[in-house]
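Participant: give me a 3D structure for the following:
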Amino acid sequence: MSAVDALVEYAVGHELIQPEDRVWALNALLEVLQLDANPEELEAGGSELHEILNALIDDAAARGLLDGDSIVARDLFDTALMGRLTPLPREVHARFTGLYAEDPVAATDWYYRFSQETNYIRRDRMAKDVAWQSETDYGTLDTTINLAKPEKDPRAIAAARNLPAAGYPQCLLCMENEGYAGRINHPARQNHRTVPVTINGSPWFIQYSPYVYYNEHSIVFNAQHTPMKIDRAAFAKLLDFVGLFPHYFVGSNADLPIVGGSILAHDHFQGGHFEFAMERAPIEREVTLAGFEDITAGVVRWPMSVLRLRHASAERLVDAAETVLAAWRGYTDEAAFVFAETDGEPHNTITPIARRRGTDFELDLVLRNNITTEEHPMGLYHPHAELHHIKKENIGLIEVMGLAVLPARLKEELAAVADALVSGADLRANPLTESHAEWAEAFAAEVTAENAMSVIEREVGEVFAKVLEHAGVYARTPKGQAAFDRFIASIR
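Facilitator: You can find the predicted model right below:
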């Protein structure tokens, strides 16, 4: 079977097209491949989708159809192929809506599979991700070295530098990405389909992240390109969403630099069907919020500073969350080095996470502060310099909840550390291990050929726990928790 026929049969088998669409689909693929007839001699490289696509891309590259043979160019081309086989948005909406009427879980299960079967989520790259769990004082923390997002190719970076500035789509989250052909500096999205949803009376959309940091990693985004903002409406939208999809959690990054996410220009949330360590963390002391005595509230046993609120009424939780946010936005406690603003720059905000607990709604409010100091120019409540060999990026929503998303470089670097510890090589003599030397030497005596990676993974988990402690506004000490209680007492 030719590679083109194999791709058509894949689409039929996964119900992307119907059997009667075969001839049309073949011709649509030939158009992208710039071929006049089915190349019977071009065989599929295997039965898996990525193997079929690789055979077609290799042939297209050999015939000069790609703008170079970089990962970016290959991704642009294979997405164009899959886009010809992906159902129209209206068909996707109809299927999702029909399933949702029966069961929200059935709807999201189907949509998640669909997003993989169209190669929008690249399963072959997901399979290369490294993931493990670590037991810490705060429970079982998760770690992933995510390789699904392709590394920046120097050739693509150079090519993108010469492109004129483009304002369409305005960002990676805008609706205009659906079906967009892409370019060297913007991913192709012909196989991208979103699902409309109304939350708090406004039009939003659901999609899955193509890089999947956890199960059913979804993005919920505003139909309008409008900046992120944590306010009453944000709390209402989060709680409305988990009302519609009670099997999902949903949360928002904070709305300030350093403590916020990577895309602050477009209002969006992240959700999914996954239990994070923070969700499992218990309330270690109950508190009472003045005026909201009917709400169950408490401080969570977590390295960051988290207030958990629970009530059967979503509206009642919105009222309480708005009150907490207003108090925190304007709160200063010099003794605890908490400043609402300096030189007119605001520092206090909240990372909120919503979920259902049976018939109740639950809202975690994580206090954030983005102040910088001379000693900590990247942020006082941010991973400090001694941890940057493992994690120096912003601590966003996903990390806040207990999943360390580590840079791809660590897969090679940690393997090199393991090899060096087992062989006795000088950690400081190798560029791959030099930055990790002081850290690794502290546990080198425990390492054997049999346990090297398990020890390293355990120690990375301990580093991540410290990362979260650094990002916590109130230290996990009697003095720090007393300062936390002062803030709680100030809420009116």
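
Participant: count of neighbours near residue 100?
Facilitator: Residue crowding around residue 100 was assessed by other CB atoms under 10 Å; the count is 19. C-beta here means a position set from N, CA and C on the backbone, and glycine is covered the same way.

Participant: swap that for residue 25, sorry
Facilitator: So residue 25, with other CB under 10 Å, has 20 neighbours.

Participant: sec struct for it, please.
Facilitator: Following DSSP: H, G, I helix; E, B strand; the rest coil, the label given to residue 25 is helix.

Participant: dump the residue contacts of it.
Facilitator: 8, 11, 17, 84-85 (CB atoms under 8 Å, 6 or more residues apart in numbering).

Participant: so where do the helices sit in the stretch 201-350 of the chain?
Facilitator: 232-244, 277-280, 314-329 (DSSP state H, counting those that start in this stretch).

Participant: among these, which is nearest residue 27?
Facilitator: Shortest distance between residue 27 and the helices of the stretch 201-350 of the chain, using CB to CB, is found for helix 232-244: 40.3 Å.

Participant: and the angle from the closest one to helix 314-329?
Facilitator: 140 degrees (axes from the mean of the first three to the mean of the last three CA atoms, to 10 degrees).

Participant: hmm, who's touching helix 232-244?
Facilitator: By CB under 8 Å, 6+ apart, helix 232-244 touches 104, 197, 199-200, 202, 204, 220, 248-252, 269, 271, 314-315, 317-318, 321-322, 325, 352-356, 361, 363.

Participant: just for the stretch 51-200 of the chain, where's the confidence low?
Facilitator: By pLDDT under 70, the low-scoring segments of the stretch 51-200 of the chain are 148-166.

Participant: one step back: quick one: which of the contacts of residue 25 sit in strands?
Facilitator: In strands, defined here by DSSP state E, there are no members of those.

Participant: with distance to residue 450 and neighbour count added, can I get those residues in CSV?
Facilitator: Supplementary listing: the contacts of residue 25 in CSV, determined by distance: CB to CB, whole Å; neighbours: other CB atoms under 10 Å:
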residue, distance to residue 450, neighbour count
8, 49, 25
11, 46, 24
17, 50, 20
84, 50, 21
85, 47, 23
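
Participant: let me know the closest of those residues to residue 413.
Facilitator: Nearest to residue 413 among the contacts of residue 25 is residue 85, at 38.9 Å by CB to CB.

Participant: touching, that closest one and residue 18? I think so.
Facilitator: No - Residue 85 is beyond contact range of residue 18, at 11.4 Å (criterion: CB atoms under 8 Å).

Participant: three-state assignment of residue 476?
Facilitator: coil.

Participant: how many neighbours does it have?
Facilitator: Neighbours around residue 476, by other CB under 10 Å: 17.

Participant: when you give positions from now on, start the count at 119
Facilitator: Renumbered: residue one is now 119, and that last one reads residue 594.

Participant: could you report the pLDDT at it?
Facilitator: Predicted confidence (pLDDT) for residue 594: 96.

Participant: if I pick it, what's in contact with it?
Facilitator: Applying CB under 8 Å, 6+ apart to residue 594 gives the contacts 421, 587.

Participant: what's the separation between it and residue 418?
Facilitator: 11 Å (CB to CB, to the nearest Å).

Participant: try residue 372
Facilitator: Per CB to CB, residue 372 is found 17 Å from residue 418.

Participant: which one's more surrounded, these two?
Facilitator: Neighbour count, other CB under 10 Å: between residue 372 and residue 418, residue 372 has more, with 27 against 21.

Participant: and the more buried one, bridged to which residues?
Facilitator: Per DSSP bridges, the residues bridged to residue 372 are residue 378.

Participant: I'd say it and residue 466 touch.
Facilitator: No - at 9.6 Å, residue 372 and residue 466 do not qualify as touching, with contact defined as CB under 8 Å.
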